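**Student:** take a look and give me a structure for this.
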Amino acid sequence: MNKVMKWSAAAMAAGILIASSGFTGEASVLAAGNIKNTVQQTPVALKWKGTKLSQKGLMSEGNTLIPLTVLRDQLGLPLSYNPGTRTYSIGSGYTQLNMEVSQHGVNTNINNYYLYEYEVKNINGRIYVPFKLMNDYLGYQGAWDPSTKTLNISKRILNPITIKTETLEKATSDAVYLLHYPKVSGLVNSDAENVINNVLEQHMKKFNEESIKEANNRDDSIEHAYQYIQNYMVTYNRNGVLSLVVDQYGNTGGAHGGTIRTGFTFSLKDGKLLTANDLLKKSNPTYRTMLNKDLAKKLKAHEGYLGGFKALRANPDFNVSENGMLFFFQQYEYTDYAVGIPTFAYPFDQLLPKGTDPFKSYK
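**Tutor:** Residues are numbered from 1 along each chain as shown. Purely as a prediction, here's the structure:
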């Protein structure tokens, strides 16, 4: 099922009762036939900005898990609950984490963008958030002390900008449109701000125009209306650089819908849309040679590989993350639909000489 469409199925599939005492105590989840977790877990001591917390995290299957109540009580994030959709929401704006809890588990999205590689868990009636998710998308970092099994959590220093979600929503007899796109403000350079916002808005408008044209020629044999949805996720917002991915989904009545993903990485100094070459080529002129060889190996290892990969395009699809760069390919570009959008992560120390700062020119 496509990421951007899962919200509807998740809402219908939710089948448990959630309770909380006015959010003054622990957020609790009461599941019908709730089975006590049998996976071995090790307690993890937690600190917030150096101060030890009374609540503890868990180490489970190699992942450090943080109680949802720590995010509310110590980190100060607003927590709400929607009983209609059985969804907890923590935080606000483009980093709001939404957790739809059911007997099947917890479906997780940030700002309506679904994440499958991070598993929020309901363990014995308590919700736990993977620290890796907090590190990658919520703006937090951690220092691990192996001798005391303690994780010291602190806030990252983000770019001093505001990111607001704008929405175009409409419905006709032929199609339903729900298009979310970001708008930035607070940049020192107002011209750069306008350039960035124009790129992102025009990207949305082009999708909307093409969708309207397609819907106007809708096949009358299709019973339901066409569906067009756009969501985005900010993946990096530090060091004078803003990186995000935008997913555009369309369902026109075939066997399944389809998604096109676009990565945008901007310099906040001048609004320039950065390429992989801008970040890598000066310090490593041969980075593409390494990537082409490694990507060919990884793509061929995919069970759904269709063949055809020889080398990256001149301007490959990518986005920046807290851990490096993510290079991705579109559905059916080299793999079948079941693979989704194949994405390959590379830390900067694998792409560049050790100690190189890829953002030096943009700070």
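**Student:** list the buried residues of stretch 292-302.
**Tutor:** L295, L299 (16 or more other Cβ atoms under 10 Å). Glycine gets a C-beta too; all of them are placed from N, C-alpha and C.
**Student:** for it, what is the average pLDDT?
**Tutor:** Averaging pLDDT along stretch 292-302 gives 96.
**Student:** that one: how far from the chain's middle?
**Tutor:** 24 Å (Cα atoms, centre = their mean, to the nearest Å).
**Student:** got the contact list for that stretch?
**Tutor:** Y305, F309, K310, A311, L312, F327, F329, Y334, T335, V339, P342, F344 (Cβ atoms under 8 Å, 6 or more residues apart in numbering).
**Student:** D357 looks like it's in a strand, true?
**Tutor:** No. Assessed with DSSP: H, G, I helix; E, B strand; the rest coil, D357 is coil; it does not lie in a strand.
**Student:** show the contacting residues for the closest residue to Y287 other than its chain neighbours.
**Tutor:** Leaving aside its chain neighbours, Y287 sits nearest to L280 (4.6 Å; criterion: Cβ to Cβ, 6 or more residues apart in numbering). Contact analysis of L280 by Cβ under 8 Å, 6+ apart lists Y287, M325, L351, L352, P358.
**Student:** top of the residues you listed by number of neighbours, please.
**Tutor:** Of all the contacts of L280, the highest neighbour tally under other Cβ atoms under 10 Å goes to M325, namely 28 neighbours.
**Student:** that one contacts F348, correct?
**Tutor:** Yes. The criterion here is Cβ atoms under 8 Å, and M325 meets it with F348 at 7.2 Å.
**Student:** identify, from the contacts of L280, the entry nearest to S243.
**Tutor:** Proximity of those to S243 (Cβ to Cβ) peaks at M325, which lies at 9.0 Å.
**Student:** state the next helix or strand along the chain beyond the helix or strand where that closest one lies.
**Tutor:** Secondary structure from DSSP states H and E places M325 in strand 324-328. Sequence-wise, the next helix or strand downstream of strand 324-328 (DSSP H and E) is strand 343-346.
**Student:** identify the residues contacting the helix or strand following that following strand?
**Tutor:** Remark: after strand 343-346, the chain's next helix or strand is helix 348-351, criterion DSSP H and E. Residues from elsewhere that reach helix 348-351 (Cβ under 8 Å, 6+ apart): L280, N284, Y287, M290, L291, G324, M325, T356, P358.
**Student:** can I see the domain layout of the protein?
**Tutor:** 3-155, 158-272, 275-363 (automatic domain parsing).
**Student:** ranking the ones you listed by mean pLDDT, which is last?
**Tutor:** Of all the domains of the chain, the minimum mean pLDDT falls on domain 3-155 (a mean of 80).
**Student:** note down every partner strand of whichever helix or strand N122 is part of and its orientation.
**Tutor:** Counting by DSSP H and E, the element that carries N122 is strand 121-123. The pairing partners recorded for strand 121-123 under DSSP bridges are strand 126-130 (antiparallel).
**Student:** next secondary structure after the strand it pairs with?
**Tutor:** Taking DSSP H and E, what comes next after strand 126-130 is helix 131-137.
**Student:** now that following helix, how far from the centre of its chain.
**Tutor:** Using Cα atoms, centre = their mean, the offset of helix 131-137 from its chain centre is 10 Å.
**Student:** repeat for stretch 342-354
**Tutor:** That offset, for stretch 342-354, works out to 19 Å (Cα atoms, centre = their mean).
**Student:** do stretch 110-124 as well
**Tutor:** Per Cα atoms, centre = their mean, the centroid offset for stretch 110-124 relative to its chain is 10 Å.
**Student:** ok, stretch 196-213 next?
**Tutor:** 21 Å.
**Student:** next one: stretch 76-92
**Tutor:** Centre-to-centre, stretch 76-92 and its host chain are 18 Å apart (Cα atoms, centre = their mean).
**Student:** quick one: buried residues of that stretch?
**Tutor:** L77, L79, Y81, R86, T87, Y88, S89, I90, G91.
**Student:** okay, and the third one sits in which element?
**Tutor:** If you go by DSSP H and E, Y81 is part of strand 79-82.
**Student:** paired strands for that strand, with orientation please.
**Tutor:** strand 87-90 (antiparallel).
**Student:** tell me what whichever helix or strand comes after the partner strand is packed against?
**Tutor:** Per DSSP H and E, the first helix or strand lying C-terminal to strand 87-90 is strand 97-102. Applying 3 or more Cβ pairs under 8 Å, 6 or more residues apart in numbering; DSSP states H and E, one finds that strand 97-102 contacts helix 6-13, strand 87-90, strand 105-110, strand 126-130.
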